[in-house]
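Peer 1: predicted model and sequence follow; I will ask about them next.
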Amino acid sequence: MDQRELIGSLEESIRAAITGYLAEVWTAMPGIVESFNPTKMTCVVTVATKSYVRAKDGTQSWVQLPNLLDVPVIFPSAGLFTLTMPVTAGDEVLVIFASRCIDGWWQNSGVNNQPEIRFHDLSDGFALPGIFSQPNVLPSVSTTAAELRTNDGTCKISLGSDGTIVITAPNGVMINGTLVVTGNITSDADVKSGAGSHSLSTHVHGGVQSGSSDTTGPIG
């Protein structure tokens with residue numbers, strides 16, 4: 001029995017009724033990804049906050065909520081562009097619950113009727129990646145630049161407020177396409193072309209003669 005039931009107060013009774021109603025209203029909660037479906041762009045989420053439940057006999061206990069299934073993942077997206085990330089089991093996410101049933105929109109897109117009338121339900125969540133509990137906070141978060149980085153910070157693209165872009169890539173940068181540079185290129189190591197066969201530092205030219213003639217292209 002709720003101890004407030006023993007208090008002969010209308011105000012307290014109303015307060016208890018409102019509290020009981022709000023216990024069934026879901027807004028947002030942290031969760032942990034169990035699995036990710038890249039084809040459907042959904043995930044299965046374990047709710048990271050247990051619910052305090054009172055049984056009919058008056059006993060109370062912490063109860064794990066059921067896993068949330070087919071939760072749409074929110075990626076930053078607009079126009080024809082989207083920033084995707086490889087959502088992985090164990091990632092922490094914020095699950096945001098819609099105020100109405102989202103099934104019609106999710107299955108068909110556009111404006112649809114609600115297949116079921118429900119409010120703030122556990123079935124209508126969206127997973128927003130990018131939250132971190134204290135044991136999982138990122139090391140060395142920059143306070144002066146915007147960064148796209150690995151969590152450990154070993155590989156990143158950093159955009160500074162002074163307009164400087166710094167790419168840190170221990171295993172190299174691969175460009176599939178033509179690179180056009182308007183400006184100077186400075187390198188503190190060798191530069192090679194022709195599938196790596198021509199070194200800018202050590203290549204030689206054939207057909208060299210004294211006079212004003214041009215040399216041939218590099219041969220090694």
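Peer 2: Right, received. Where do you want to start? None of the values given here were measured: they were computed from a predicted structure.
Peer 1: so in this protein, which strand runs the longest?
Peer 2: strand 28-37 (DSSP state E).
Peer 1: what strands line up against the helix or strand just after that one, and which way round?
Peer 2: Counting by DSSP states H and E, the next helix or strand C-terminal to strand 28-37 is strand 42-47. Sheet pairing of strand 42-47 (DSSP bridges) gives strand 28-37 (antiparallel), strand 68-72 (antiparallel).
Peer 1: buried ones in the shortest one, by neighbour count?
Peer 2: Okay, so that is strand 68-72. Within strand 68-72, the residues that qualify as buried are 68, 71-72, counting by 16 or more other Cβ atoms under 10 Å. (C-beta placed from N, C-alpha, C; glycine too.)
Peer 1: for it, the distance to its chain's centre please.
Peer 2: 16 Å (Cα atoms, centre = their mean, to the nearest Å).
Peer 1: could you give the average pLDDT over the helix or strand that it is followed by?
Peer 2: Downstream of strand 68-72, the first helix or strand assigned by DSSP H and E is strand 77-78. What strand 77-78 shows for mean pLDDT is 95.
Peer 1: what pairs with strand 77-78, parallel or antiparallel?
Peer 2: In the sheet, strand 77-78 lines up with strand 81-82 (antiparallel) (DSSP bridges).
Peer 1: residue contacts, residue 42?
Peer 2: Residues in contact with residue 42 (Cβ atoms under 8 Å, 6 or more residues apart in numbering) are 36, 70-73.
Peer 1: please repeat the previous calculation with a cut-off of 10 Å.
Peer 2: Listed by Cβ atoms under 10 Å, 6 or more residues apart in numbering, the contact set of residue 42 reads 35-36, 68-73, 87, 106, 126-127.
Peer 1: cool, and residue 43?
Peer 2: Residue 43 neighbours (Cβ under 10 Å, 6+ apart): 31, 33-37, 68-73, 87-89, 91, 93, 95, 125, 127, 129.
Peer 1: thanks again, I'm all set now.
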